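Undergrad: turn this into a model:
(chains A and B)
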Amino acid sequence: MSELKAIRVAYGEALASLGEENEKVVVLDADLAHATMTATFGSKFPERFFNAGIAEANMVDMSAGLSTMGYIPFCSTFAVFGAGRAYEQVRNGVAYPNFNVKLGMTHSGITLGEDGGSHQAIEDMALMRVIPGMTVVVPCDANETHRAVKAVADMKGPAYLRLARLPSPVFEEDMPFEIGKANVLKEGKEAVVFACGIMVATALECAKRLESEGISITVVNMHTIKPIDQNCILKYASGCNHVITVEEHSTIGGLGDAVGEVLLNNKCNVSFKKIGVEDRFGQSGKPEDLLEEYGLSEKQVYNQIKGVLNR
Amino acid sequence: MMDIDELKKICREIRKDIINMTADAASGHPGGSLSAVELMAGLFYTQMKVDPENPDMEDRDRFVLSKGHAAPCYYAVLGEMGFFDKAEFKNFRQLHSILQGHPDAKKVPGIDASTGSLGQGISIAVGMALGAKAQKKDIKVYALLGDGELQEGQVWEACMAAANYHLDNLTIIIDNNGLQIDGTNDQVMSLGDLSSKFKAFGFQVLELPDGNNLEEVLAAYSISTMEGKPKCILAHTVKGKGISFMENQVGWHGKAPNEEERQQALKELEA
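TA: Below is the predicted model of the structure:
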């Protein structure tokens, strides 16, 4: 896991190769094509790339209209605008009629960095998760992003892809990818950690460190937030005493709550800890400093897991 | 083309349907449905390439009711044309009905976009027109908007895009009845010089002094589009048109007629 590559860069490549395979794929952006990396697709397939200008609401509904003409639109901007500003367009224009629109939203979470809290979406998973029929996928690395793009293109109906900005570790082994089916990266006895996005690599590093201290924990890559893999959650929660979730998102409404709902609904008698952004906005800073400030650095996540284990 | 007197009769039937639907449901939006009758009926009966027997026909023309609250008028037109059984009118706004308070594309044959949240329908229509162009297909796209709806900023985002992409296969029709929920447009939020605004946004603008006059409406529809430009038909209409006590009355935006009012309205339409 030495190579670093940004998930958004992989997104751009994945769209470009998907465009080759499927002529029904069209891409829309709102003047951020060189940041979301949809420009890669745009330069390859200019006739299937539409820049909507700085008008996200119109972009999302144009995607809805394009989908009714048989296209598979991928619609991209920063997550804070795509899931936030255009929320009602996603809800009423896309999801309510169950249109086949894919929302590939980048620069999610606090690791967007220096642009600050105004641009850091920490609530987008929550917003998208409550919409009936919306699939929510958060790829953990560049390789998984390729598979996730393909998978959401192959399914019918609306899907939200949450994509990070910064270069992040790429897993060496190719993992299988099926929407709604979590990937277990490591099995252990004392706790299970469900992570998504760039926090999967962090969780795995923490697990390795704990392993060297004789503490074994399970790490699950929960790439699909909705539909959540209930079977996986119950299987691993029943095998240990502690369930921990790690996400670069508010601890309200995201992965943590999706997992917690399953535990509560099934009367799981385990301790439960959500690690994420604690009900506050982000701010400007270097991404690594922000991770530290918000309790999501490797050291901090390790300490929090250790605290749960009381070791 | 259909005989104009025949179409006038159909418009009268559509008005009756609107009155009956809203009265039966004891809710709904009669005012803005009645103002749009000639605009919508004229379009569906004389312009659009659609087939009630085959609502999903490939390469059909598309219509988006951006002012989704005029659903009773839309349902009446589709029902009269035979897209679904007119017996459904009775179920308007009732549990499990295909005829939701605002159009639901999942449920109604012939409806291609779910609308009701104002400002969104025009963007969806722009996407449709863009898709038709990209496929080099001769598909015309129409969107009907309310004048109050033009207060939504998204409408102007969509207009900008329509001109930018040279969507001469797109026609937007403004049902300019001058009234909205809280009062006249001018009391709530003045719209200013709409004709100049649409022109400035790159539209070919046709202004209709009387958008409830079928001859005028059909004449406007038959004017061919300028190459490379989207078309805007700015139709001045009367809210509540055809029912004396509803005409130009703000209060009839979202209020259904009671039994007595229904009977009087139907009597006026028979006269």
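
Undergrad: relative to chain A, how far out is B:His166?
TA: From B:His166 across to chain A, the span is 13 Å (CB to the nearest CB, to the nearest Å). Yep, even glycine has a C-beta here, placed from its N, CA and C like the rest.

Undergrad: what about that residue, how many residues nearby?
TA: 15 (other CB atoms under 10 Å in any protein chain shown).

Undergrad: for the chain, which spans come out with low pLDDT?
TA: If you meant another chain, say so; for now it's chain A. Along chain A, segments meeting pLDDT under 70 span A:1-2.

Undergrad: nope, chain B
TA: Checking chain B against pLDDT under 70 turns up B:1.

Undergrad: who in it is up against chain A?
TA: Contact residues, chain B versus chain A (CB under 8 Å from any CB of the partner chain): B:62, B:64, B:104-106, B:112-114, B:116-117, B:119-120, B:123-132, B:134-135, B:153-154, B:157-158, B:160-161, B:164-165.

Undergrad: what about burial for those residues, which qualify?
TA: Taking 16 or more other CB atoms under 10 Å in any protein chain shown as the criterion, what is buried in the residues of chain B next to chain A is B:62, B:64, B:104-105, B:112-114, B:116-117, B:119-120, B:123-132, B:134, B:154, B:157-158, B:160-161, B:164-165.

Undergrad: show me the residues you listed that map onto strands.
TA: Of those, the ones assigned to strands by DSSP state E are B:62, B:64.

Undergrad: so which of the buried ones among the residues of chain B next to chain A are in helices?
TA: Using DSSP state H, the members of those that fall in helices are B:120, B:123-132, B:134, B:154, B:157-158, B:160-161, B:164.

Undergrad: state the distance from the most centrally placed residue in chain B to A:Val184.
TA: Geometric centre of chain B, nearest residue: B:Leu144, 4.3 Å, by CA atoms, centre = their mean. Distance, B:Leu144 to A:Val184, using CB to CB, to the nearest Å: 53 Å.

Undergrad: contacts only, for residue 95.
TA: No chain was given, so I picked chain A. Applying CB atoms under 8 Å, 6 or more residues apart in numbering or on different chains to A:Ala95 gives the contacts A:131-134, A:158.

Undergrad: now the closest residue to chain B within chain A: closest residue in space, sequence neighbours ignored.
TA: In chain A, the residue that lies nearest chain B is A:Gly65 (2.2 Å; CB to the nearest CB). Of all residues not flanking A:Gly65 in the chain, B:Gly127 sits nearest, at 2.2 Å (CB to CB, 6 or more residues apart in numbering or on different chains).

Undergrad: how much space between the one you found and B:Leu95?
TA: Taking CB to CB, one finds B:Gly127 at 32 Å from B:Leu95.

Undergrad: gap between the closest residue to B:Leu145 other than its chain neighbours and B:Gly101?
TA: Spatial nearest neighbour of B:Leu145, excluding adjacent residues (CB to CB, 6+ apart): B:Ser66 at 4.5 Å. According to CB to CB, B:Ser66 and B:Gly101 sit 16 Å apart.

Undergrad: more neighbours: the two, which one.
TA: B:Ser66 (31 against 17).

Undergrad: show the contacting residues for residue 88.
TA: Looking at chain A here, since you left the chain open. A:Glu88 touches B:117, B:120, counting by CB under 8 Å, 6+ apart.

Undergrad: my bad, the chain I had in mind was chain B
TA: B:Glu88 neighbours (CB under 8 Å, 6+ apart): B:75, B:79, B:97-99.

Undergrad: just the residues you listed: which are in helices?
TA: Those of these lying in helices (DSSP H): B:75, B:79.

Undergrad: neighbour-wise, which of the contacts of B:Glu88 leads?
TA: For the contacts of B:Glu88, neighbours tallied by other CB under 10 Å; top is B:Tyr75, 30 neighbours.

Undergrad: that residue contacts B:Phe89, correct?
TA: Yes. The criterion here is CB atoms under 8 Å, and B:Tyr75 meets it with B:Phe89 at 6.8 Å.

Undergrad: so what sits against both of those two?
TA: B:17, B:21, B:99.

Undergrad: out of those, which comes closest to chain A?
TA: Nearest member of those to chain A, counting by CB to the nearest CB, is B:Leu99, at 15.5 Å.

Undergrad: give me phi/psi at that closest one?
TA: phi -90, psi 80 (degrees, to the nearest 10).

Undergrad: ok, B:His205 to A:Glu187 distance?
TA: If you look again at residue B:205, you'll see it is Val, not His. Plainly put, B:Val205 is 68 Å away from A:Glu187 if you go by CB to CB.

Undergrad: which of these two has more neighbours?
TA: More crowded of B:Val205 and A:Glu187, by other CB under 10 Å: B:Val205, with 18 against 14.

Undergrad: so is that one in a helix, a strand, or just coil?
TA: strand (DSSP: H, G, I helix; E, B strand; the rest coil).

Undergrad: need the contact list for the residue in the stretch 151-271 of chain B that chain A sits nearest to.
TA: Ranked by CB to the nearest CB, the top residue of the stretch 151-271 of chain B for proximity to chain A is B:Glu157, at 3.6 Å. B:Glu157 makes contact with A:52-53, A:55, A:57-58, B:123 under the criterion CB under 8 Å, 6+ apart.

Undergrad: mind giving me the ChimeraX command for buried ones among those residues?
TA: In ChimeraX, a selection of the buried entries from these looks like this (16+ other CB under 10 Å):
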select /A:52,55,57,58 /B:123
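
Undergrad: walk me through the domains of chain A.
TA: Here the domain parsing of chain A from automatic domain parsing is A:4-169, A:183-309.

Undergrad: out of those, deepest packed?
TA: Across these, averaging neighbours per residue (mean count of other CB atoms under 10 Å in any protein chain shown) puts domain A:4-169 on top, at a mean of 23.

Undergrad: end-to-end on that one?
TA: 5 Å (CA to CA, to the nearest Å).

Undergrad: same deal with stretch A:73-80?
TA: Counting by CA to CA, the terminal residues of stretch A:73-80 are separated by 19 Å.

Undergrad: before we move on, what about stretch A:183-194?
TA: 10 Å.

Undergrad: which parts of chain A are strands?
TA: Going by DSSP E, chain A shows strands at A:4-6, A:25-29, A:49-51, A:72-76, A:102-105, A:135-137, A:159-162, A:167-169, A:183-186, A:191-195, A:217-221, A:224-226, A:242-250, A:271-277.
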